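In: Predicted model follows, preceded by the sequence.
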Number of protein chains: 2
Amino acid sequence: MHSPELLKGTLQTILLKVLKDHGKMYGYEITQRVKELSDGRILLTEGALYPSLHKLEADGHLKTETVMMGKRVRKYYSLTTEGKSQVKERVTEFVEFIRTMGNVLQVEISRQ
Amino acid sequence: MHSPELLKGTLQTILLKVLKDHGKMYGYEITQRVKELSDGRILLTEGALYPSLHKLEADGHLKTETVMMGKRVRKYYSLTTEGKSQVKERVTEFVEFIRTMGNVLQVEISRQ
DNA sequence: CTTATATGCATAATTCACTTATGTATAGGT
DNA sequence: ACCTATACATAAGTGAATTATGCATATAAG
């Protein structure tokens, strides 16, 4: 598990990008997908996830669709047009930040 | 300038690594060095810097030496033995975090 | 049959690293 | 005189997270 400190500020970027890559998803499904993609290193907690999804929706980046699965409620989230352009911005910003950090910390960063 | 959100959680790592690479330094000098290394993209504010240095000192990672430069006070910071091992841990942790984020965001990260 | 685990959403209280603002003081340029 | 740079420090406020709690269905285990 990664130090939660480092994760701060990256949650919205993760949510937007995962929704871009995997389309319509519901909250719990996102936590499982992120867990999988991160090899169990990033475990999203509900207390962080749901308020963050709500905020992205309130900001117009996401839209929702509530579906009844038998007696269970599922709330699907997907990107709005505005949200799609946000994904690019956020990911670009993150990559640039990492490059800067690479220079400051004098470390080589590459995929394993 | 990078979004300050992303910087959260990386400040102590930056301070420790810069002190490792450049030896004994004082607060203001660190801000200038980081500004330089980041091409002006990371501007440490005093309100973040000093409390963070104090905390690293309280935690035993840094030791200090106060020097009078004429009538001006300068407080030099350097790594303790314990601090040196911390640097490695923190930098390794950061690099691993970046790798994980690369997988989750599906982006290629490399030095430009 | 009741207990634990997984699925699924949500919000309130709290924490904590930061930002913003302020304070003190010396030095040098215009 | 005034502005900028140098140099430290702390207090108030913000905001995104953690932690804790609540509600509810489904399923497997013992």
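Out: Thanks, I have the structure now. Just so you know, these numbers come straight off a predicted model, no measurement behind them.
In: show me the contacts for A:Leu16.
Out: A:56, A:61, A:79, A:83, A:86-87, A:90 (C-beta atoms under 8 Å, 6 or more residues apart in numbering or on different chains). Bear in mind the C-beta positions are built from the backbone N, C-alpha and C, glycine included.
In: Just the closest of these to DNA strand C, please.
Out: A:Leu56 (11.6 Å; C-beta to the nearest atom of the strand).
In: Am I right that that closest one is in contact with A:Tyr50?
Out: No - the pair A:Leu56 / A:Tyr50 is not scored as a contact, 10.8 Å apart, by C-beta atoms under 8 Å.
In: neighbour-wise, which of these two wins?
Out: Ranked by neighbour count (other C-beta atoms under 10 Å in any protein chain shown), A:Leu56 and A:Tyr50 place A:Leu56 first, with 22 against 13.
In: Where does the more buried one sit, in terms of helix or strand?
Out: Using DSSP states H and E, A:Leu56 sits within helix A:46-58.
In: ok, is that helix in contact with chain B or not?
Out: No - if you take C-beta under 8 Å from any C-beta of the partner chain as the test, helix A:46-58 misses chain B, and the best it gets is 12.2 Å.
In: averaged over its residues, what pLDDT does that helix have?
Out: Helix A:46-58 comes out with an average pLDDT of 97.
In: Now it: buried residues?
Out: Across helix A:46-58, burial judged by 16 or more other C-beta atoms under 10 Å in any protein chain shown covers A:49, A:52-53, A:56-57.
In: gap between it and the chain center?
Out: Taking C-alpha atoms, centre = their mean, to the nearest Å, one finds helix A:46-58 lying 10 Å from the centre of the chain it belongs to.
In: packing partners for it?
Out: Applying 3 or more C-beta pairs under 8 Å, 6 or more residues apart in numbering or on different chains; DSSP states H and E, one finds that helix A:46-58 contacts helix A:11-22, helix A:27-37, strand A:62-69, strand A:72-79.
In: Residues in contact with that helix: which ones?
Out: By C-beta under 8 Å, 6+ apart, the surrounding residues in contact with helix A:46-58 are A:11-12, A:15-16, A:27, A:30-31, A:62-64, A:77, A:83.
In: most surrounded residue in the contacts of A:Leu16?
Out: Within those, A:His61 tops the neighbour count with 24 neighbours, counted by other C-beta under 10 Å.
In: Looking at the longest helix anywhere in chain A now, give me its mean pLDDT.
Out: Counting residues, the longest helix found in chain A (DSSP state H) is helix A:81-105. Averaging pLDDT along helix A:81-105 yields 95.
In: Tell me, how many residues neighbour A:Val73?
Out: Count around A:Val73 with other C-beta under 10 Å applied: 10.
In: From what I see, it and A:Thr66 are in contact.
Out: Yes - using C-beta under 8 Å, A:Val73 is in contact with A:Thr66, at 6.4 Å.
In: what about A:Gln106, distance to A:Val73?
Out: Relative to A:Val73, A:Gln106 is positioned 50 Å away (C-beta to C-beta, to the nearest Å).
In: show me the contacts for the closest residue to A:Arg33 other than its chain neighbours.
Out: Ranked by C-beta to C-beta, 6 or more residues apart in numbering or on different chains and with sequence neighbours excluded, the top spatial neighbour of A:Arg33 is A:Val18, at 5.8 Å. Counting by C-beta under 8 Å, 6+ apart, A:Val18 touches A:25, A:30, A:33-34, A:37, B:104.
In: Please apply the same query to A:Val104.
Out: Applying C-beta under 8 Å, 6+ apart to A:Val104 gives the contacts B:14, B:17-18, B:34, B:37-38, B:42.
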